[in-house]
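In: Structure for this input, please:
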Amino acid sequence: MTTNYLEPIKCDVLIVGGGVIGLASAYELSRAGAKVVVIDKFEPGYGCSYGNAGWITPCFAMPLPMPGMLLKSFKWLLDPESPLYIKPELSPTLISWLLRFMASMTESKMLASVDALTQLSKQSLDIYKHLHATAEKKFSFEQKGLFMVAQTDDGLKYAKSEMELVARNGVPGRLMLEEEARAFEPSLTKRIKGGVFFDQEAHAEPLQVTQMLAHEAIKLGAKIISKAEVIDFQTGANGITAARTTRGIFQADQFVLATGSWSHKMGQTLRLKIPVLGGKGYAIITDPLAKNPQRPMMLVEKKVAVTPRNGTLRLAGTLELVNQDETFTTRRVEAIVRGAREFMDVPDSIRYHEIWRGLRPCTPDGVPVISRTARYPNLILATGHQMLGLQSATGTGKLVSDLTLGKPTDVDPKPFRADRF
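Out: Numbering: from 1, shown residues only. The predicted structure is shown next:
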């Protein structure tokens with residue numbers, strides 16, 4: 001069958017993927033003067049970015065594989081309500097990913113990953129603060145810090161070790177024991193040992209962030225086209241020449257793949273091995289509590305993210321390494337609520353405004369891929385941000401823009417290179 005399209009749409013840079021990473025890249029590239037088109041198979045901003053906890057917190061820069069995680073992973077494998085659940089499956093993709101995941105659980109790799117993620121997140125926070133002050137389209141942004149709260153001695157020890165790790169990169173934190181922590185955050189009504197407070201951290205409303213980035217990019221000349229699903233790519237001697245989609249053919253000089261958990265499948269279209277696995281996470285919007293939190297909190301032992309909103313409360317957490325399985329698991333949602341209930345007065349009759357689940361794009365070493373590819377010199381990958389997509393989006397966009405346009409980069413690009421796998 002021959003398909004006849006309209007005349008191809010031409011641009012300097014075609015960005016495939018309209019989540020927060022793709023839109024931040026579009027904003028930075030447009031700001032630098034490039035003619036940009038963004039395409040997305042759905043509506044931009046309504047994918048994984050929509051269900052983000054909303055944190056912009058350089059202190060929260062731990063890669064998924066950490067030293068000592070191996071034994072925990074095997075334990076959690078048997079518990080479908082654990083913070084990290086690996087769905088048993090005889091899949092070559094999963095097995096290969098897990099082997100790389102286990103190989104990344106070393107002290108040296110962890111320290112290098114923390115350094116890279118912290119620097120990218122710090123730059124992102126600076127850009128967000130600038131955008132909050134200058135963007136035409138306003139978005140919710142508050143710099144109230146992040147409080148990591150622990151119930152146990154081991155949990156408090158972990159929070160303290162994280163504070164010491166990020167302090168190496170200029171992110172200050174303050175240890176509080178139980179009495180001070182309770183006075184500081186009155187919503188903590190159940191048993192706790194204490195916590196660590198990072199006062200420079202911020203949070204924002206994820207959908208408003210993506211809408212703001214889209215608005216600013218469009219104002220600078222970018223085009224954003226929804227419901228444009230990539231069918232395949234056309235290639236030539238110098239790399240990719242065009243993307244054939246359900247909305248026509250898009251020709252560009254350079255291409256950016258910001259396709260999140262779909263990156264592995266998209267890479268297969270280009271004969272690229274992109275080791276990104278989908279990790280399913282959940283976010284719940286509820287009524288505010290009688291004693292509602294005054295600031296975002298991480299409930300350490302339960303790995304539950306708590307974010308106060310305007311009139312509601314967001315609870316987010318769990319990670320199921322399930323690749324592209326988007327089925328809904330009720331017990332995972334219930335586990336998040338039970339975890340929050342161990343720290344705060346969450347009523348039995350909790351009312352849900354919204355329950356979201358989506359796939360976080362996870363690399364086996366916990367560090368995103370932001371890099372050109374060897375096979376296609378005009379293709380840049382920008383994917384694999386695990387739970388840190390919103391947090392590191394604007395820094396990623398700046399790095400993508402600099403790499404695309406051949407400019408010096410503000411952060412070291414080496415930790416994010418594609419050829420490390």
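
In: Return the alpha-carbon coordinates of stretch 285-304 using PDB.
Out: Provided in PDB are the C-alpha atoms of stretch 285-304 (Å, rounded to 0.1, in the frame of the first residue of the first chain):
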ATOM      1  CA  ILE A 285      -4.600  13.200  45.000                       C
ATOM      2  CA  THR A 286      -6.700  13.300  48.300                       C
ATOM      3  CA  ASP A 287      -8.500  15.700  50.500                       C
ATOM      4  CA  PRO A 288      -6.100  17.600  52.800                       C
ATOM      5  CA  LEU A 289      -5.500  16.200  56.200                       C
ATOM      6  CA  ALA A 290      -6.900  17.800  59.400                       C
ATOM      7  CA  LYS A 291      -3.200  18.500  60.200                       C
ATOM      8  CA  ASN A 292      -1.900  18.900  56.600                       C
ATOM      9  CA  PRO A 293       1.900  18.900  56.000                       C
ATOM     10  CA  GLN A 294       3.400  22.300  55.700                       C
ATOM     11  CA  ARG A 295       6.100  21.200  53.200                       C
ATOM     12  CA  PRO A 296       7.000  18.200  51.000                       C
ATOM     13  CA  MET A 297       8.200  15.100  52.900                       C
ATOM     14  CA  MET A 298       9.800  11.800  52.100                       C
ATOM     15  CA  LEU A 299       8.700   9.100  54.400                       C
ATOM     16  CA  VAL A 300      12.000   7.200  54.400                       C
ATOM     17  CA  GLU A 301      11.100   3.600  55.300                       C
ATOM     18  CA  LYS A 302       8.000   3.600  53.100                       C
ATOM     19  CA  LYS A 303       9.500   5.500  50.200                       C
ATOM     20  CA  VAL A 304       6.300   7.600  50.000                       C
END
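
In: List the buried residues of stretch 301-318.
Out: If you call a residue buried by 16 or more other Cβ atoms under 10 Å, then stretch 301-318 has these buried ones: 301-309, 312-318. C-beta coordinates here come from the backbone N, C-alpha and C atoms, glycine included.

In: Okay, now the unreliable bits of the stretch 1-150 of the chain?
Out: 1-5, 70-78, 80 (pLDDT under 70).

In: buried set for stretch 140-151?
Out: Residues 140-143, 145-151 are the ones in stretch 140-151 that count as buried (16+ other Cβ under 10 Å).

In: Which of those residues fall within strands?
Out: The strands, defined by DSSP state E, take in 141-142, 146-150 from those.

In: Closest to residue 16 out of those residues?
Out: residue 141 (27.7 Å; Cβ to Cβ).

In: How about the contacts made by that closest one?
Out: Residue 141 is in contact with 56, 128-129, 132, 202-204, counting by Cβ atoms under 8 Å, 6 or more residues apart in numbering.

In: quick revisit: let me know the closest of the buried residues of stretch 140-151 to residue 64.
Out: residue 148 (17.2 Å).

In: Is that closest one in contact with residue 295, as I believe?
Out: No. With contact defined as Cβ atoms under 8 Å, residue 148 does not reach residue 295; the gap is 11.2 Å.

In: what helix or strand is residue 25 on?
Out: In this structure, residue 25 is located in helix 20-31 according to DSSP states H and E.

In: Just the buried ones from the contacts of residue 141?
Out: So, by 16+ other Cβ under 10 Å, the buried ones in the contacts of residue 141 are 56, 128, 132, 202-204.

In: Now for those: which two are most distant?
Out: 132 and 203 (11.7 Å).

In: hey, which helix is longest across the chain?
Out: Ranked by residue count, the top helix of the chain under DSSP state H comes out as helix 107-134.

In: got the angle between it and helix 20-31?
Out: Per axes from the mean of the first three to the mean of the last three Cα atoms, to 10 degrees, the angle that helix 107-134 makes with helix 20-31 is 60 degrees.

In: And helix 107-134, what does it pack against?
Out: strand 55-56, strand 141-142, helix 153-167, strand 202-204, helix 206-219, helix 389-405 (3 or more Cβ pairs under 8 Å, 6 or more residues apart in numbering; DSSP states H and E).

In: now do 6 Å
Out: helix 389-405 (3 or more Cβ pairs under 6 Å, 6 or more residues apart in numbering; DSSP states H and E).

In: For the helix it packs on, give me every contacting residue.
Out: By Cβ atoms under 6 Å, 6 or more residues apart in numbering, the surrounding residues in contact with helix 389-405 are 20-21, 24-25, 27-29, 32, 49, 52, 55-56, 120-121, 123-124, 127-128, 206, 254, 256, 370, 380, 382, 385, 409.

In: Just the buried residues from these, in PyMOL please.
Out: Filtering these down to the buried ones (16+ other Cβ under 10 Å) takes a single PyMOL command:
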select buried, resi 20+21+24+25+27+28+29+32+49+52+55+56+120+121+123+124+127+128+206+254+256+370+380+382+385
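
In: Please, where are all the strands along the stretch 301-421 of the chain?
Out: 304-308, 313-321, 352-362, 369-372, 379-383 (DSSP state E, counting those that start in this stretch).

In: Of those, which is nearest residue 343?
Out: Of all the strands of the stretch 301-421 of the chain, strand 304-308 comes closest under Cβ to Cβ, at 8.2 Å.

In: helices or strands up against the closest one?
Out: Partner elements for strand 304-308 (3+ Cβ pairs under 6 Å, 6+ apart): strand 313-321, helix 330-341.

In: Nearest to residue 234, out of these?
Out: Nearest of those (Cβ to Cβ): strand 313-321, 33.6 Å.

In: That closest one - what's its average pLDDT?
Out: For strand 313-321, the mean per-residue pLDDT is 92.

In: That one: partners in the sheet, and parallel or antiparallel?
Out: Sheet pairing of strand 313-321 (DSSP bridges) gives strand 84-86 (parallel), strand 277-286 (antiparallel), strand 304-308 (antiparallel).

In: Point out the most buried one among those.
Out: Most buried of the strands paired with strand 313-321, by mean neighbour count (mean count of other Cβ atoms under 10 Å): strand 304-308, with a mean of 24.

In: Please list the residues outside it that contact it.
Out: Contacts for strand 304-308 (Cβ under 6 Å, 6+ apart): 53-54, 203, 292-293, 296-298, 314-317, 336, 339-340.
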